[in-house]
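[1] Kindly generate the corresponding structure for this input.
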Amino acid sequence: MLFSKKDLTKLLIPLIIEQLLAVAVGMVDVAMVSVVGENAVSGVSLVDSITILIIQLLSALATGGAVVSSQYLGQKNTRKACQSAGQLILVTTVASAALALISLLFNYQILSLVFGNVEAEVMTDAMIYFRITAVSYPFLAVYNSCAALYRSMGNSKVSMFVSLIMNGINIAGNSICIFALHMGVEGVAYPTLISRVAAAVIMMFLIQSPKNVIRINSLKDFAPHRKMIGSILGVGIPNGLENSIFQIGKLTLQSLVSSLGTTAIAGYAVACNLATLEYLPGNAIGLGLITVVGRCVGAGEYQQAKQYTKKLILLNYAFLAVICTAMFFGSNLFVGIYSLSPEAAAGACEMIMAHSVAMIIWPIAFTLANTLRASFDAKFTMCISVGSMWIFRVFLAYIFVTKLNMGIMGVWYGMFLDWIFRAAAFLLRFRTYGKRRLPDLN
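    Below you'll find the model as predicted:
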């Protein structure tokens, strides 16, 4: 077997800790800004919906690089694995710089197009937060790319420690800027920017270490290599389109939510923020699957890839049994962390309880898809995900909310139906895994 139990543990535990840090900081951000008021919570929430779109696009490109470098390592071709590192950082840096420039130039236009006529105070806070955090996109891209390369090497401990530093800077900065300097929304935005700059600088320094199997050796590694960039984009573009269109669908729903008023926006923001705790183990395991399956496919060990997938998804369910039970029965306690009105808090609790039950579907609908992506089957996952998103999550949500008057819960019921369809499609595809001819780097 290519990965022992010890190897999997060394890969997954730091990933889970890193995901926990990211979620914890997100929760702290929302909790801290809630002190400023519900308008600030709503403004940050709206911008975060756009920021997540950018992050997922960059993460998709990083995933493409991780798949390529993992398969090269599976082939024991370290020279090309190192060359792929430079190509990945080149692609993500150029893409993120373009996205940052667009966000800065068309700040108000983007927010107005996506969210329409929100309250003036909410729009003001959103514009401030968006303008500052957009500057951080290139730095975030470098951090994500280097973290993906370390995961390809089976070393997720480095990105965990850097994430600890980044999130420590963020939390400390939030505390000082909000409570001591009373900076409001800016007090959340500037620490985010500074922490991402620090993380990028540290990661770029570490990835050049001669001790790394995959490393940046010189500036020549950044010289464009058409075929290798094509391999990275072969996974990154379908995955990026899938994530981007998925997030655009969520933004469409955010516009629907914003039409229900500030109370609904705040309750929805807190529920979404808390729900990330339930995604945490699956997201970490999904990142691990990219490395494990990519290495197996590079070595031609498709059955091992299938066995590892089953093992890691079962591990996901073990984590969910604990987390979702705690979230279901402790929803009032968790929501109570945030400074919400009684109406917003009640809505958030209802959403969290429903979400905790529905999570039984999530690992098959999302974690399993990473096995397919790591095997260059990203076009299939993209088609299924995009179609399911717009038919079930968006169209049915509008029916549930506007025609059947289900309120904010209608958005979540549409999401659960989306999960069910994805799970069925990916499970059927996985049953033929290893029987179909899978594309590779050659």
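[2] how far away is G184 from Y129?
    10 Å (CB to CB, to the nearest Å). Backbone N, C-alpha and C define where each C-beta goes, glycine included.
[3] more neighbours, the two?
    The neighbour count for G184 versus Y129, taken as other CB atoms under 10 Å, is higher for Y129 (25 against 20).
[4] buried stuff in the helix or strand that one falls within?
    Element membership for Y129, per DSSP states H and E: helix 120-134. Burial within helix 120-134, assessed by neighbour count using 16 or more other CB atoms under 10 Å, is assigned to 122-123, 125-134.
[5] Including distance to S331, could those residues go into CSV?
    Converted to CSV, the buried residues of helix 120-134 look like this (distance: CB to CB, whole Å):
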residue, distance to S331
V122, 26
M123, 30
D125, 27
A126, 27
M127, 33
I128, 31
Y129, 27
F130, 30
R131, 35
I132, 32
T133, 29
A134, 34
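[6] mind listing what's buried in stretch 411-430?
    Neighbour counts over stretch 411-430 (16+ other CB under 10 Å) mark 411-419, 421-423, 425-426, 429-430 as buried.
[7] Give me the buried positions along stretch 170-184.
    Burial within stretch 170-184, assessed by neighbour count using 16+ other CB under 10 Å, is assigned to 170-171, 173-174, 177-178, 183-184.
[8] after the helix holding Y129 comes which helix or strand?
    Assigned by DSSP H and E, the successor of helix 120-134 is helix 137-152.
[9] which helices and strands sit right next to that next one?
    Counting contacts by 3 or more CB pairs under 8 Å, 6 or more residues apart in numbering; DSSP states H and E, helix 137-152 is packed against helix 38-74, helix 78-105, helix 157-174, helix 186-206, helix 262-298.
[10] Any idea which of the ones you listed gets closest to L113?
    The closest of the helices and strands packed on helix 137-152 to L113 is helix 38-74. By CB to CB, the value is 10.4 Å.
[11] okay, the angle between that closest one and helix 78-105?
    160 degrees (axes from the mean of the first three to the mean of the last three CA atoms, to 10 degrees).
[12] now helix 38-74, how far from the centre of its chain.
    5 Å (CA atoms, centre = their mean, to the nearest Å).
[13] Output the contacting helices and strands for it.
    Taking 3+ CB pairs under 8 Å, 6+ apart as the contact definition, the neighbouring helices and strands of helix 38-74 are helix 5-33, helix 78-105, helix 107-115, helix 120-134, helix 137-152, helix 226-258, helix 262-298.
[14] Need the contact partners of the fourth one.
    Outside of helix 120-134, the residues within contact range by CB atoms under 8 Å, 6 or more residues apart in numbering are 39-40, 42-44, 46-47, 50-51, 99-100, 103-104, 107-108, 110-112, 115, 118, 184-186, 188-190, 192-193, 262, 265.
[15] Please indicate which of these are buried?
    With neighbours counted using 16+ other CB under 10 Å, these contain these buried positions: 39-40, 42-44, 46-47, 50-51, 99-100, 103, 107, 110-111, 115, 118, 184-186, 188-190, 192-193, 262, 265.
[16] check contacts around A346.
    A346 sits next to G267 when contact means CB under 8 Å, 6+ apart.
[17] Equivalent analysis for the one 3 residues further on, please.
    Contacts for C349 were tallied using CB under 8 Å, 6+ apart; they are 331-332, 335.
[18] okay if I get the residues you listed as a markdown table plus neighbour count and pLDDT?
    Rendered in a markdown table, the data for those read as follows (neighbours: other CB atoms under 10 Å; pLDDT from 0 to 100):
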| residue | neighbour count | pLDDT |
| --- | --- | --- |
| S331 | 22 | 88 |
| N332 | 13 | 89 |
| V335 | 23 | 88 |
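[19] Same list (these) but as CSV, adding distance to K10.
    Listed next are those as CSV, based on distance: CB to CB, whole Å:
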residue, distance to K10
S331, 34
N332, 38
V335, 36
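[20] From those, which land in helices?
    In helices, judged by DSSP state H, the following of the contacts of C349 are found: 331-332, 335.
[21] picking up where we left off before, angle of the helix holding Y129 against helix 5-33?
    140 degrees.
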